[in-house]
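Colleague: kindly return the folded structure for what I paste below:
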Amino acid sequence: MGTVFSCTVRAEPTPSLRRALDAAEGLLHHVDEVFSPFRPDSAVSRVRHGRTVPEEWQIELREIVTLCADAHRRTGGRFAAWRSGAFDPSGLVKGWAVERAALLLREAGAEHVCLNGGGDVQLYGGPWRVGIAHPLRPGSCAAVLESPGGPLGIATSGPGERGCHIVDPNTGAPPTDGLASLTVTGPSLTEADVLATAAYCMGAEAREWLGALPGVAAFAVMPDGQTWTTGKG
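Modeller: You can find the predicted model right below:
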């Protein structure tokens, strides 16, 4: 997926948990194989070029297409998996994959899980303290988020991890003003990932929009280094 993954589990190393760790790693590799826009034989590339998608991938592909279409509707088009006729669900798939992989560990008996995929973090249990990278000061944290327990998804959008890879559907170009980075939290990492991507494209409008969403909190860093928050995180 073009980024680094890490996993921390606080639990007894039982055989079932070891199997779940292998399964979680396998799931992440599988999602990369199916949904990477950079692999010529992935489902995404096949859809783009009008080629047949293997039957064993079609259920997952339909799920992602449905989730992306729903996200597009709910964000007023700010989240778009179809741009210039090309299908790219990257703004949703990574969070979805991390959430699924973390759930495998939770279901195997791990009460305390922290799975991080390039800034998309799914937490179970706790307490956990998660640093939010500062987009203007490499190597430092802009804030530290504390989670005493329970499921929590944390998604950050911005150019800090992978450069300018987010495109505003309204302009066809990366956002040029408004936010240096935006972190969104909520019970579901898939949802947090969608909201972070869409709101980052909104720029100054993101604060009011996110503030009206129940169960969601956000932390933003502005281009001048100032910050703002919404909700309770």
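Colleague: okay, now the nearest residue to L123 once chain neighbours are set aside: neighbour count?
Modeller: Counting by C-beta to C-beta, 6 or more residues apart in numbering, the nearest residue to L123 once its immediate chain neighbours are dropped is L152, at 4.5 Å. Using the backbone N, CA and C atoms, a C-beta is placed for each residue, glycine as well. L152 has 25 neighbours, counted by other C-beta atoms under 10 Å.
Colleague: now do A220
Modeller: 27.
Colleague: surely it is in a strand?
Modeller: Yes - counting by DSSP: H, G, I helix; E, B strand; the rest coil, A220 is found in a strand.
Colleague: pretty sure it sits against M202.
Modeller: No - contact between A220 and M202 fails when scored by C-beta atoms under 8 Å: they sit 10.6 Å apart.
Colleague: just to revisit the earlier point, so what does the residue nearest to L123 have for phi and psi?
Modeller: Per-residue torsions, L152: phi -150, psi 130 (degrees, to the nearest 10).
Colleague: tell me the pLDDT at it?
Modeller: Looking at L152, its pLDDT reads 97.
Colleague: pairing partners for the helix or strand bottoming out on mean pLDDT in the chain, with directions?
Modeller: Ranking every helix and strand in the chain by mean pLDDT, DSSP states H and E puts strand 82-83 at the bottom, with a mean of 86. Here strand 82-83 has these sheet partners by DSSP bridges: strand 86-87 (antiparallel).
Colleague: ok now whichever helix or strand comes after the partner strand, how far from the chain's centre?
Modeller: Counting by DSSP states H and E, the next helix or strand C-terminal to strand 86-87 is helix 90-107. Helix 90-107 has its C-alpha centroid displaced from the chain centroid by 9 Å (C-alpha atoms, centre = their mean, to the nearest Å).
Colleague: who are the packing partners of the following helix or strand past helix 90-107?
Modeller: Next along the chain after helix 90-107, taking DSSP H and E as the criterion, comes strand 112-117. The helices and strands touching strand 112-117, judged by 3 or more C-beta pairs under 8 Å, 6 or more residues apart in numbering; DSSP states H and E, are strand 5-10, helix 90-107, strand 120-124, strand 128-133.
Colleague: using CSV, list the CA coordinates for strand 112-117.
Modeller: In CSV, the C-alpha atoms belonging to strand 112-117 read as follows (Å, rounded to 0.1, in the frame of the first residue of the first chain):
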residue,chain,number,x,y,z
HIS,A,112,-5.5,-4.6,23.7
VAL,A,113,-4.6,-4.0,20.0
CYS,A,114,-2.9,-1.2,18.2
LEU,A,115,-2.6,-1.7,14.4
ASN,A,116,-1.2,1.2,12.5
GLY,A,117,-1.1,1.4,8.7
